[in-house]
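1. Quick one, fold the following:
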Amino acid sequence: MIFECRRYTLQPGRMGDFIDLQHRRGFDGPNAGFISRVIGYFETVTGTPEQIVHLYRYDSYEDWIEKLHGLYAIPELAFYFTEARAMVERQETNFFQPAPVAGLCPLWHGETDWLPGPGKERWDLREMPDLVVEETLEAFRPGGLPAYWQAMEESGLQATARLRGDTIATWWSMTGRLHIVASYRLFSSVAHREECRQEANGLPAMAAFNEALRPILRERTTTLLRPVRVPQMSPLFRNA
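-> Numbering: from 1, shown residues only. Take a look at the predicted model:
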């Protein structure tokens with residue numbers, strides 16, 4: 001399986017228009033194929049403003065082509081692409097594979113393969129109205145990924161256990177800039193995230209993990225996201 005991350009930077013003030021456009025396009029009919037592969041649409045809380053991040057899971061590159069590219073030839077959907085392109089300033093797309101460490105990718109590992117559907121919601125926004133998703137992108141030196149996975153198994157899983165209480169996924173890049181690890185972790189609030197970070201940073205295992213990463217880690221960026229509160233666009237969450 002492969003994962004796609006789409007990142008749209010919209011014109012100022014167009015987020016509401018973009019979400020309204022998804023409703024006008026619809027979530028069934030010819031769109032049902034790629035909607036069946038949606039993990040979630042998320043708005044940025046920090047980082048680049050007016051940015052929406054969409055995550056998808058596909059069986060393969062061929063599955064991506066089949067479920068997405070055929071939509072461009074449907075006359076009834078021409079309005080959508082015309083209007084969406086007019087409000088998007090920048091679009092980025094990257095493909096990823098799941099991390100080889102089970103604890104880092106619990107929804108897609110071994111025989112576990114989460115896909116959206118009735119009763120498949122994992123978190124309830126009614127219980128966590130201030131929920132945030134932390135997106136962390138870590139860039140490693142070429143050849144550094146095997147050392148990263150080893151360090152994660154030796155000390156990282158213990159060091160980050162408090163931070164991984166609600167993990168959506170950890171992936172590594174297949175396209176674009178290589179040697180990138182993308183992780184998505186969920187917290188009930190910004191304050192809860194800070195509490196978890198402070199606790200993790202005080203652990204001896206975190207010191208050992210950071211020491212193992214020092215020779216191979218080149219860059220780390222973190223962005224906070226919130227799920228779009230439309231059920232079809234955020235199938236991981238109940239009452240989205």
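
2. can you pull out the helices in this structure?
-> In the chain, the helices defined using DSSP state H lie at 15-25, 32-35, 61-68, 78-87, 145-151, 157-159, 190-201, 204-213.

3. for the ones you listed, which one ends up most surrounded?
-> Compared across the helices of the chain, helix 157-159 shows the largest average neighbour count, a mean of 19 (mean count of other CB atoms under 10 Å). Every C-beta, even on glycine, is put in place using the N, C-alpha and C of the backbone.

4. what's that one packed up against?
-> On a contact count with 3 or more CB pairs under 8 Å, 6 or more residues apart in numbering; DSSP states H and E, helix 157-159 meets helix 204-213.

5. Show residues contacting the helix it packs on.
-> If you take CB atoms under 8 Å, 6 or more residues apart in numbering as the criterion, helix 204-213 is touched by 147-148, 151-152, 154-156, 158-160, 200.

6. could you redo the residues you listed as a markdown table and give each row pLDDT and distance to residue 58?
-> Listed next are the contacts of helix 204-213 as a markdown table, based on pLDDT from 0 to 100; distance: CB to CB, whole Å:
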| residue | pLDDT | distance to residue 58 |
| --- | --- | --- |
| 147 | 97 | 29 |
| 148 | 98 | 25 |
| 151 | 97 | 29 |
| 152 | 97 | 25 |
| 154 | 96 | 32 |
| 155 | 96 | 33 |
| 156 | 96 | 28 |
| 158 | 96 | 33 |
| 159 | 96 | 32 |
| 160 | 96 | 27 |
| 200 | 96 | 33 |
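
7. quick one, what contacts the closest residue to residue 100 other than its chain neighbours?
-> In space, residue 100 comes closest to residue 149 once its chain neighbours are excluded; the distance is 5.8 Å by CB to CB, 6 or more residues apart in numbering. Residue 149 makes contacts with 99-101, as judged by CB under 8 Å, 6+ apart.

8. wait, which of those residues is closest to residue 10?
-> The shortest gap between residue 10 and any of the contacts of residue 149 belongs to residue 99, at 30.0 Å (CB to CB).

9. Let me know the pLDDT of that closest one.
-> On pLDDT, residue 99 comes in at 96.

10. Need the nearest residue in space to it, chain neighbours excluded.
-> Closest to residue 99 by CB to CB, 6+ apart is residue 170, at 4.1 Å.

11. Select, out of the helices of the chain, the one closest to residue 165.
-> Smallest distance to residue 165 across those (CB to CB): 7.2 Å, for helix 190-201.

12. helices or strands up against the closest one?
-> Against helix 190-201 (3+ CB pairs under 8 Å, 6+ apart) you get strand 132-140.
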